[in-house]
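Q: can you look at this prediction? I've put the sequence above it.
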Amino acid sequence: MAESASFTPAEERAVREAYAAQGSADCPRCAVRMRERSIGGGSFGLGYARKREWLLCPQCHRSVLFDLKRGTRN
């Protein structure tokens, strides 16, 4: 069976927890330091704005996107 193209929920959780604790995270599949891309969101008058972090593995190209304040994907 081919390897999955995305992280498992447990792997995503481990990446988020490592990033929250250390400010960086390594890919759970490759053990390579993941690259960070901050994604800001304007509220456009809606009364809220999200600050998200997108961590990408430069080797296997898998990624994790999460809300910094909540520590979740959504």
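A: On my side now, so go ahead. Numbers count the residues shown, from 1 in each chain.
Q: so what strands line up beside the helix or strand of the chain with the lowest mean pLDDT?
A: Across the helices and strands of the chain, mean pLDDT, DSSP states H and E gives its lowest value to strand 35-40, namely a mean of 86. Take DSSP bridges as the rule and strand 35-40 pairs in its sheet with strand 51-56 (antiparallel).
Q: in this structure residue 7 contacts residue 15, no?
A: Yes. Applying Cβ atoms under 8 Å, one finds residue 7 in contact with residue 15, separated by 7.1 Å. Every C-beta, even on glycine, is put in place using the N, C-alpha and C of the backbone.
Q: tell me what whichever strand or helix holds residue 13 is packed against?
A: Counting by DSSP states H and E, the element that carries residue 13 is helix 9-22. The helices and strands touching helix 9-22, judged by 3 or more Cβ pairs under 8 Å, 6 or more residues apart in numbering; DSSP states H and E, are strand 51-56, strand 63-67.
Q: between it and strand 51-56, how many degrees?
A: 120 degrees (axes from the mean of the first three to the mean of the last three Cα atoms, to 10 degrees).
Q: now the angle between strand 63-67 and helix 9-22, please.
A: 60 degrees.
Q: contact partners of helix 9-22?
A: 7, 24-29, 34, 53, 55, 64, 66, 71-73 (Cβ atoms under 8 Å, 6 or more residues apart in numbering).
Q: could you check the pLDDT of residue 30?
A: Listed pLDDT for residue 30 reads 93.
Q: start the count at 57 instead of 1 going forward.
A: With 57 as the first residue, the last one maps to residue 86.
Q: hey, which of the helices and strands packed on helix 65-78 is tucked in deepest?
A: Burial of the helices and strands packed on helix 65-78 is given as mean neighbour count (mean count of other Cβ atoms under 10 Å); strand 119-123 ranks first at a mean of 18.
Q: centre of the chain to that one, how far?
A: What separates the centre of strand 119-123 from the centre of its chain is 3 Å, taken as Cα atoms, centre = their mean, to the nearest Å.
Q: can I get the helices and strands packed on helix 65-78 in a markdown table including mean pLDDT?
A: Shown next, in a markdown table, are the helices and strands packed on helix 65-78 (pLDDT from 0 to 100):
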| stretch | mean pLDDT |
| --- | --- |
| strand 107-112 | 88 |
| strand 119-123 | 88 |
